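*Asks:* no sequence for this one, just the structure:
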């Protein structure tokens, strides 16, 4: 059992991590701030049910993703699952290294190919379910098992959402490279 | 004109589409980068990457992509949010405007 008296000191170090994810989940600062505040208030109220010594960061993320899902359930976009089946796991790598498409040179750093705004837009363009999985794995570094607990879904579902989310993200990023006229249109 | 000789690629990448070690490695690319493989599978793939520069390049690209997404998605918490949350929590603790359990 955790004590509410220590809540602020215990939970505050994770605010940056929660806020970054909230920004990408909601797509705007006002909603992200409201979501993080709501998360801290909910977490405070139920802190007595948190088992000390278990993963507080994962527990807070679970509260936040639940709050987000409840709030935005009606707005959720349903991903077209079959549409991504034709893409392969290395879509972006193959495209960027294909001399007939992009023809990336060895000196081109991936970091320089995409701006911050492009990466953020590509992440935000992902359907909700995929975006959550990608954020929790790639941005927050949670293990599959932790993501399964946070989102309350089986590990197999975590892996398939990550898999599809990453393909969709690669395709989205490639459109930016293509739009810059440096690469041919995806086809 | 002769270029300075470079050591030959010990095992040219067989590509990710034909059966073999390269395709097997590619199939576990993300699980490998997510640190979710068993030690045994991990060691096998790491061994393959040491020997195959084509696969190494593809894995490195995806490791960088993961890092890029992570870096570009970080945001600073606005100070006013931090303050607002502290105040709300202090109010809750004092039995303030919002009732616990509401």
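*Replies:* Here it is on my side, so go on. Everything numeric here is computed off the predicted structure, so don't read it as measured data.

*Asks:* Now residue A:24: which helix or strand?
*Replies:* Assigned by DSSP states H and E, residue A:24 belongs to helix A:15-26.

*Asks:* Does anything pack onto that helix? Which helices or strands?
*Replies:* Judged by 3 or more CB pairs under 8 Å, 6 or more residues apart in numbering or on different chains; DSSP states H and E, helix A:15-26 is in contact with helix A:29-45, helix A:56-72, helix A:116-124, helix A:128-134, helix B:79-93. The C-beta positions use only the backbone N, C-alpha and C, and glycine is treated the same way.

*Asks:* tell me which residues in the first one are buried?
*Replies:* What it means is helix A:29-45. A:31-41, A:43-45 (16 or more other CB atoms under 10 Å in any protein chain shown).

*Asks:* near chain B, which of these show up?
*Replies:* When contact is defined as CB under 8 Å from any CB of the partner chain, those meet chain B at A:32, A:33, A:36, A:37, A:40, A:41, A:44, A:45.

*Asks:* isn't the first one right next to residue A:19, touching?
*Replies:* Spelled out, it's residue A:32. Yes. Shown here, residue A:32 and residue A:19 form a contact pair, counting by CB atoms under 8 Å, at 6.3 Å.

*Asks:* which residues are in contact with both of these two?
*Replies:* residue B:75 (CB atoms under 8 Å, 6 or more residues apart in numbering or on different chains).

*Asks:* Need the nearest residue in space to residue 15, chain neighbours excluded.
*Replies:* Answering for chain A, as no chain was given. Nearest in space to residue A:15, with sequence neighbours left out and distances taken as CB to CB, 6 or more residues apart in numbering or on different chains, is residue B:77 at 5.1 Å.

*Asks:* The chain in question should be chain B.
*Replies:* In this structure, residue B:15 finds its nearest non-sequential neighbour in residue B:22, 6.0 Å apart by CB to CB, 6+ apart.

*Asks:* Could you check how far whatever residue of chain B ends up closest to chain A is from residue B:86?
*Replies:* Ranking the residues of chain B by distance to chain A (CB to the nearest CB) places residue B:72 first, at 3.8 Å. Noted for residue B:72: a distance of 29 Å to residue B:86, by CB to CB, to the nearest Å.

*Asks:* So for those two, which residue has more residues nearby?
*Replies:* Using other CB atoms under 10 Å in any protein chain shown, the more surrounded residue of residue B:72 and residue B:86 is residue B:72, with 19 against 13.

*Asks:* Assess the claim that that one and residue A:121 are in contact.
*Replies:* No. With contacts defined as CB under 8 Å, residue B:72 does not count as touching residue A:121, sitting 10.2 Å away.

*Asks:* what's the residue sitting nearest the centre point of chain A in contact with, if anything?
*Replies:* Relative to the mean C-alpha position of chain A, the nearest C-alpha, by CA atoms, centre = their mean, is the one of residue A:135, at 2.0 Å. If you count contacts by CB under 8 Å, 6+ apart, residue A:135 has them with A:21, A:24, A:25, A:123, B:73.

*Asks:* again with residue A:65
*Replies:* Counted by CB under 8 Å, 6+ apart, residue A:65 has contacts A:25, A:132, A:150, A:151.

*Asks:* and which of those is nearest to residue A:167?
*Replies:* Nearest to residue A:167 among these, counting by CB to CB, is residue A:132 at 15.8 Å.

*Asks:* picking up where we left off before, want to try CSV for the contacts of residue A:135, with distance to residue A:158 and pLDDT as columns?
*Replies:* Converted to CSV, the contacts of residue A:135 look like this (distance: CB to CB, whole Å; pLDDT from 0 to 100):
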residue, distance to residue A:158, pLDDT
A:21, 16, 96
A:24, 18, 94
A:25, 17, 93
A:123, 17, 95
B:73, 19, 92
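
*Asks:* low pLDDT regions in chain B?
*Replies:* B:1-11, B:96-102 (pLDDT under 70).

*Asks:* What residues does it have near chain A?
*Replies:* B:16, B:26-27, B:29-31, B:34-36, B:58, B:61-62, B:64-66, B:68-70, B:72-78, B:81-82, B:84-86, B:88-89, B:92-93, B:98, B:100-102.
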